[in-house]
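[1] Sequence and predicted structure below; questions after.
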Amino acid sequence: MKSVAEAVGRLREIEASAPRADGVVCFARLYREVTEGVALQLDAQTFQDNAFVEALDLSFAGLFFTAYDTFTRDPSKTPRAWLPLFERRARRDIAPLQFAVAGMNAHINRDLPVALVDTCRARGLDLRDGSPEHTDYLRVNALLAKVESRVKQSYLTGWTKLADRLLHRAAHVDDVVAMWDVTRARDAAWANGLALWHLRDEADVAAQFLLTLDRMVGLAGRGLLEPQRSVLGRLRRLLG
């Protein structure tokens, strides 16, 4: 993959490949909007190191596309962080917002540390706090938080929002995803990226670290995709 525009095109293809309520489509929509926002900032030259941000964005996207393609060919070789979303994507008792957040959980918590290390290695950079790259990384946080908020609201409109107001006994989707915070997740991803960076000359230890991280992220993903045991959940299944 050679450009951010190419990554956006691939995400659009995934969005068009299944119904709108499909779990992977829900995540791809969110991810595509974030990627388009990064592309606009790159065009406006708003980063200290545009080349680093673009390279990181492409490496990051490539990890999702690789996981997606791997699951299609051989699910057993897919990173465990992605399995909950890929395996449950067709469930009708899971809300679109849950799918979107579960995708972010896998991509940020598992893939982003790997992309950071790969990008710094490829560009001959030192992954460290206080660097221009760290400043640019934090700048993307604000963009991601805005997109997440906008997409979240779009998933909570129409009959779903009305039903949620009427059925006070219903378990709110917000309760399911309350554990998720995009800024904290990216902070953790940076910290895990630093850990992998310091282990870059210890291949066996780094592999074990990543395997443990992958398993933990997968476990969190399963929690985020717990079906709604509520009146609202049953209505979604009937009307969806």
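    Yep, that arrived. Since we're looking at a predicted model, the values are computed, not measured.
[2] Only C-alpha atoms from now on, for both contacts and neighbour counts.
    Will do.
[3] Please enumerate the helices of the protein.
    4-16, 23-43, 50-73, 83-88, 96-106, 112-123, 132-155, 159-166, 173-176, 182-198, 203-224, 231-239 (DSSP state H).
[4] can you tell me the average pLDDT over the shortest one?
    What it means is helix 173-176. Per-region confidence: helix 173-176 scores 59 on mean pLDDT.
[5] Same question for the first one.
    Rounded to a whole number, the mean pLDDT of helix 4-16 is 97.
[6] Pick the most buried one from the helices of the chain.
    Greatest average neighbour count among those goes to helix 96-106 (a mean of 26), per mean count of other C-alpha atoms under 10 Å.
[7] and the angle for that helix with helix 203-224?
    170 degrees (axes from the mean of the first three to the mean of the last three C-alpha atoms, to 10 degrees).
[8] what helices or strands is helix 96-106 leaning on?
    In this structure, helix 96-106 makes packing contacts with helix 23-43, helix 83-88, helix 132-155, helix 173-176, helix 203-224, judged by 3 or more C-alpha pairs under 8 Å, 6 or more residues apart in numbering; DSSP states H and E.
[9] Need the ones you listed in TSV (columns: distance to Leu11).
    Listed next are the helices and strands packed on helix 96-106 as TSV, based on distance: least, C-alpha to C-alpha, whole Å:
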stretch	distance to Leu11
helix 23-43	6
helix 83-88	15
helix 132-155	16
helix 173-176	25
helix 203-224	21
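[10] Who's the closest spatial neighbour of the spatially most central residue of the chain, skipping the chain neighbours?
    Closest to where the C-alpha atoms of the chain average out (C-alpha atoms, centre = their mean) is Met104, at 2.1 Å. Spatially, and ignoring its direct neighbours in sequence, Met104 is nearest to Phe27 (7.3 Å; C-alpha to C-alpha, 6 or more residues apart in numbering).
[11] now Pro84
    Using C-alpha to C-alpha, 6+ apart and skipping residues adjacent in sequence, the residue nearest Pro84 is Arg222, 5.5 Å away.
[12] Roughly how far does the one you found sit from Leu97?
    14 Å (C-alpha to C-alpha, to the nearest Å).
[13] Report the contact partners of the closest residue to Leu213 other than its chain neighbours.
    Leaving aside its sequence neighbours, Leu213 sits nearest to Arg110 (C-alpha to C-alpha, 6+ apart; 6.6 Å). Residues near Arg110 by C-alpha atoms under 8 Å, 6 or more residues apart in numbering: Ala81, Ala189, Leu210, Leu213, Asp214, Val217.
[14] Would you point out the most distant pair within those residues?
    Farthest apart among those by C-alpha to C-alpha are Ala81 and Ala189. That separation is 13.7 Å.
[15] what does stretch 145-155 contact?
    Residues outside stretch 145-155 that contact it (C-alpha under 8 Å, 6+ apart): Leu30, Glu33, Val34, Pro96, Leu97, Val182, Thr183.
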